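K.L.:
pasting the structure only:
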């Protein structure tokens with residue numbers, strides 16, 4: 001989408017995009033329709049942001065970051081060069097991402113930034129840290145405050161420092177109780193899952209398929225489901 005309302009490399013307006021007056025968007029970059037960029041955020045040149053995304057307050061998107069559609073970034077998050085976020089990733093408030101394993105102020109490692117991939121639907125909880133060079137699988141769930149140092153499988157719930165797998169989370173964010181037959185059902189959506197050989201898959205909906213419209217809005221809290 002061609003930028004409009006630019007001065008000295010700053011984009012102030014884009015068709016279909018909400019840019020708060022305190023946000024700073026550098027040209028050139030690509031931002032899809034329906035995206036909102038809130039107070040004091042900064043989008044740097046070369047960033048590619050999809051449609052329907054939300055960048056909360058004080059979010060930094062560095063050069064050449066690639067972000068899919070409907071991604072939600074909460075307040076105080078910096079997404080560094082080398083990060084790639086697929087559709088519908090959620091980054092919780094003040095979580096920390098990195099792009100160099102062995103940073104030294106005296107050694108310039110620009111051009112050596114490591115790739116960190118956040119696959120579709122992955123969630124990173126508040127104040128968690130993701131060390132660079134890993135892949136977070138589809139619909140995985142990183143608990144608040146955890147430190148991720150290695151790849152995380154699809155649907156895995158990881159907790160602690162270093163983060164270790166403690167179970168499986170459904171697409172709706174519920175801890176699954178896997179029976180002896182390897183089957184589990186999400187208490188909120190009713191979607192069925194099966195674990196085979198340490199891999200979890202949804203039996204009713206492909207991992208790359210969108211949720212049906214009727215499943216896209218929550219009506220009960222997490223604790224409501226725990227108490228039933």
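P.N.:
Perfect, I can see it now. The structure displayed is predicted, hence computed values, not measured ones.
K.L.:
thinking residue 194 is in contact with residue 203, fair?
P.N.:
Yes - the pair residue 194 / residue 203 is scored as a contact, 5.6 Å apart, by C-beta atoms under 8 Å. Glycine gets a C-beta too; all of them are placed from N, C-alpha and C.
K.L.:
more crowded one of those two?
P.N.:
Neighbour count, other C-beta atoms under 10 Å: between residue 194 and residue 203, residue 194 has more, with 14 against 11.
K.L.:
Let me see the contact set for that one.
P.N.:
By C-beta atoms under 8 Å, 6 or more residues apart in numbering, the contact set of residue 194 is 182-184, 200-201, 203.
K.L.:
That one - that's part of a helix, no?
P.N.:
No - Residue 194 is assigned strand when assessed by DSSP: H, G, I helix; E, B strand; the rest coil, not a helix.
K.L.:
Look up how far residue 167 lies from it.
P.N.:
Shown here: residue 194 relative to residue 167, a distance of 15 Å by C-beta to C-beta, to the nearest Å.
K.L.:
Same question for residue 118.
P.N.:
20 Å.
K.L.:
Which of the two has more residues huddled nearby?
P.N.:
It is residue 118, of residue 118 and residue 167, that has more neighbours when counted by other C-beta under 10 Å, with 29 against 16.
K.L.:
show me what contacts the more buried one?
P.N.:
Residues near residue 118 by C-beta under 8 Å, 6+ apart: 83-86, 89, 91, 124, 136.
K.L.:
at 10 Å instead, please
P.N.:
67-68, 71, 79, 83-86, 89-91, 97, 124, 130, 134-138, 140, 142, 152 (C-beta atoms under 10 Å, 6 or more residues apart in numbering).
K.L.:
swap in residue 138?
P.N.:
Contacts for residue 138 were tallied using C-beta under 10 Å, 6+ apart; they are 86, 88-89, 118-122, 152-155, 171, 202, 207-208.
K.L.:
Most neighbours among these, please name it.
P.N.:
Counting neighbours by other C-beta under 10 Å, residue 118 leads the contacts of residue 138 with 29 neighbours.
K.L.:
quick one: pLDDT of that one?
P.N.:
Reading off the confidence values, residue 118 has pLDDT 98.
K.L.:
List the backbone torsions phi and psi for the residue sitting nearest the centre point of the chain.
P.N.:
The residue lying closest to the centre of the chain (C-alpha atoms, centre = their mean) is residue 89, at 2.9 Å. Main-chain torsions, residue 89, degrees, to the nearest 10: phi -80, psi 150.
K.L.:
repeat for residue 222
P.N.:
phi -60, psi -40.
K.L.:
what does residue 213 give?
P.N.:
Dihedral angles for residue 213 - degrees, to the nearest 10 - are phi -50, psi -40.
K.L.:
now swap in residue 201 and tell me
P.N.:
Main-chain torsions, residue 201, degrees, to the nearest 10: phi -140, psi 150.
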